[in-house]
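> structure, please.
(4 chains)
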There are 2 protein chains.
Amino acid sequence: MSGIEDVARAAGVSKATASRALTGHGYVSAATRERVARVAQELGYVPSSSAASLATGRTRNIGVVMPYLNRWFFAEVLEGIQEVLLESGYDLTLYDAKPGTEGRRRVFDDFLARKRFDGLIAVGLEPDHHELERLVAIGRPVVSVVAIGDSAGVVRLDDEHAARRATAHLIELGHTKIAFVGGISVSQGPHVDRARLAGYRATMAEAGLPETHVRSEVTLPGGYAAAVDLLGDAERRPTALVATCDEVAIGAIIAARRLGIPVPGSLSVVGIDNHEFAEMFALTTLEQSPRNQGAQAARMLLEQLANPGQVPQDVSIQARLIVRSSTAPPPGTPSVTVGVGVP
Amino acid sequence: MSGIEDVARAAGVSKATASRALTGHGYVSAATRERVARVAQELGYVPSSSAASLATGRTRNIGVVMPYLNRWFFAEVLEGIQEVLLESGYDLTLYDAKPGTEGRRRVFDDFLARKRFDGLIAVGLEPDHHELERLVAIGRPVVSVVAIGDSAGVVRLDDEHAARRATAHLIELGHTKIAFVGGISVSQGPHVDRARLAGYRATMAEAGLPETHVRSEVTLPGGYAAAVDLLGDAERRPTALVATCDEVAIGAIIAARRLGIPVPGSLSVVGIDNHEFAEMFALTTLEQSPRNQGAQAARMLLEQLANPGQVPQDVSIQARLIVRSSTAPPPGTPSVTVGVGVP
DNA sequence: TTGAAAGCGATACCAA
DNA sequence: TTGGTATCGCTTTCAA
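Numbering: from 1, shown residues only, chains lettered A, B, ... in the order given. You can find the predicted model right below:
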């Protein structure tokens, strides 16, 4: 374990010069810089990050707080963040904060307070008042993916817009009996699902169509269960579904197949996400690319660390409609070209 | 930001005593310990981790290296690790090391060399010679989930055993035309899939049955594609499938449904994992509980940090067979009770 | 049981 | 352009 002192001695310079040569802060002649670098290389010198942090106050580490690690959206965001940080030489410390757990309390009250990071990325956190206070108290820049309810930099999908586009797509195809699957209500549950439900309702109202909202857990099995219920009654059955996300949409497609209801022949389904399984189920969906959102959040944070004065600009992403083969005109439509068959 | 000096002053003791009172190392009278603790609490004192690390050489941080974050197995392991570390007050720094990327090289050559952790957990890494060398060079305890090819503590599923059990289950049901789906060969690809293929082959050989191995990407869409190929030809079609993991198994079930082949009526499918989707597809499978493996690895590492002399004991887990409704006797079996219908 | 002081390993200011 | 040195905040040895 050679320290900077060893490097300095071997290069015939002082610690101060060695430090300047290695960090690039301050004037050093090109010749000595090179010599020091070479010596450091030969000695396999690796700076002690705790010593450097103590001296500078910076850690070259970013904290990431998320409520789930094992859901597609969160895992993708995390990979996006990781990729950018890796390029920039930053470490990533992960904090798992599942809603309503003792662990979450400890994360906010103990772990984050230690400030072992220069900045924080909060992903889909939906913090309560106390938690928000703690976040602010840390005194480090925070960027969030999906709204956090305050002025920090935010990267997020325009959820209402995405649901509007999804609903409009079905209306354009000629559907009138369109149900929304997922979430609880416009005033309860995660903000994401509320905004999407609101987008659906607004679009239906504007078109003068009746709304149907079916609650469901926001998971693939949840969508399956909800769809089995909804589609069971042939009379009441809608001709199209807007799902709050692709997992729910896929659950619904699987349910429809089990019930012998052809998709898109008798039932159209549109999701939001462009989940890794979407293509396999030929799902028409609105792409939100969580990986890019993560990468963008990381860039925003690094930018803020580099220019502390600057106010971060929020970013709102408009989802892109990807038409595959889970949507078609409703049954009985006089067809010019009816929806392409599923592979 | 009050430091330990402020606490000491406010409590009327020296820095040394304050430190002893707070860390619990060394003798302090109960009275002063309590007073110091109270004062620290009042002042909202949070120790500087870089200062503490610099002084002690320990970081209270654990590094986790994995090749994927967005796959079920890895995400589950990560949650298991996180949970244990959270309880013990350890931070978790995550390193993403995708095979064959420049990022992976940097993780091994630069990031890990900084040793910002007291120990490392390697999950499903399959390091090459150079990488293994780097891992050893770090000089910190390493525990791995899934073999790493050396003497470090290892927590892993007994993959060969799991595949043997899966195959035996089908044989017991009376199947003779049993194919294995997934992986590349016994000598290529990830160790996990090689071991499982080997288990299948050994069991088939012992029963004097012919082997069929169908290569497939180890993903749900991969299983789907492979199954479509395999099941297309009615003559060649097996009556049962052992899949290298549940995602492949589920892909195969979906393919069978699309092809109109009833499961388990005409085709039995058994997986390995007990994936979160397994129940929904009524999949018979061997449970491996990656979450527990992660938790166990974390405990093993903490144990090693506490007792540095001790040699870590490897842990091999035997998977438990969970029979659901994707397996039944082959078609044409004189039935007492034939496999339960799928819900 | 407590206190004084010497590190831990870098950075950065001030002089030269 | 370089070197000497104080400093970051805590832990830990040694004496008292």
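> just give the nearest non-adjacent residue to A:R35, would you?
When the adjacent residues along the chain are set aside, A:R35 lies closest to A:A11, with 5.3 Å between them (Cβ to Cβ, 6 or more residues apart in numbering or on different chains). C-beta: built from backbone N, CA, C; applies to glycine.
> check A:N292 too.
Nearest residue to A:N292, sequence neighbours excluded (Cβ to Cβ, 6+ apart): A:G80, at 6.2 Å.
> hmm, back to that, measure how buried the residue nearest to A:R35 is and give me the count.
The tally of other residues near A:A11 (other Cβ atoms under 10 Å in any protein chain shown) stands at 21.
> secondary structure class for the closest residue to A:D314 other than its chain neighbours?
Leaving aside its chain neighbours, A:D314 sits nearest to A:V154 (4.7 Å; criterion: Cβ to Cβ, 6+ apart). Assigned by DSSP: H, G, I helix; E, B strand; the rest coil, the conformation of A:V154 is strand.
> got the buried residues for stretch A:72-87?
A:72-86 (16 or more other Cβ atoms under 10 Å in any protein chain shown).
> ok and the helix or strand hosting the residue nearest to A:N292 relative to helix B:72-88, angle-wise?
Assignment of secondary structure by DSSP states H and E places A:G80 within helix A:72-88. Interaxial angle, helix A:72-88 versus helix B:72-88 (axes from the mean of the first three to the mean of the last three Cα atoms, to 10 degrees): 80 degrees.
> any idea how far B:I81 is from whichever residue of the stretch 201-343 of chain A sits closest to DNA strand D?
Residue of the stretch 201-343 of chain A nearest DNA strand D, by Cβ to the nearest atom of the strand: A:P308 (18.2 Å). Computed as Cβ to Cβ, to the nearest Å, the A:P308 to B:I81 distance reads 34 Å.
> then A:A179?
Distance, A:A179 to B:I81, by Cβ to Cβ: 41 Å.
> next helix or strand past the strand or helix carrying A:T17?
Using DSSP H and E, the element containing A:T17 is helix A:15-23. For helix A:15-23, the following helix or strand on the C-terminal side (DSSP H and E) is helix A:30-43.
> about what we covered before: the residue nearest to A:D314 against A:I148, yeah?
Yes: the pair A:V154 and A:I148 qualifies as a contact (Cβ atoms under 8 Å) at a distance of 6.5 Å.
> ok, A:R156 - contacts?
The neighbours of A:R156, taking Cβ atoms under 8 Å, 6 or more residues apart in numbering or on different chains as the test, are A:144-147, A:293, A:314-317.
> if we go to 7 Å?
A:145-147, A:316-317 (Cβ atoms under 7 Å, 6 or more residues apart in numbering or on different chains).
> can you give me the strands in the stretch 51-200 of chain A?
Using DSSP state E, counting those that start in this stretch, the strands assigned to the stretch 51-200 of chain A run over residues A:61-66, A:91-96, A:119-123, A:142-145, A:153-157, A:178-181.
> that's a strand at A:L286, yeah?
Yes: per three-state DSSP, A:L286 lies within a strand segment.
> quick check: closest non-adjacent residue to A:T244.
A:G182 (2.8 Å).
> for DNA strand D, what are the nearby residues on chain A?
By Cβ under 7 Å from any atom of the strand, the part of chain A that sits against DNA strand D consists of A:12-17, A:20, A:26-29, A:31-32, A:51, A:54-55.
> no more questions from me, cheers.
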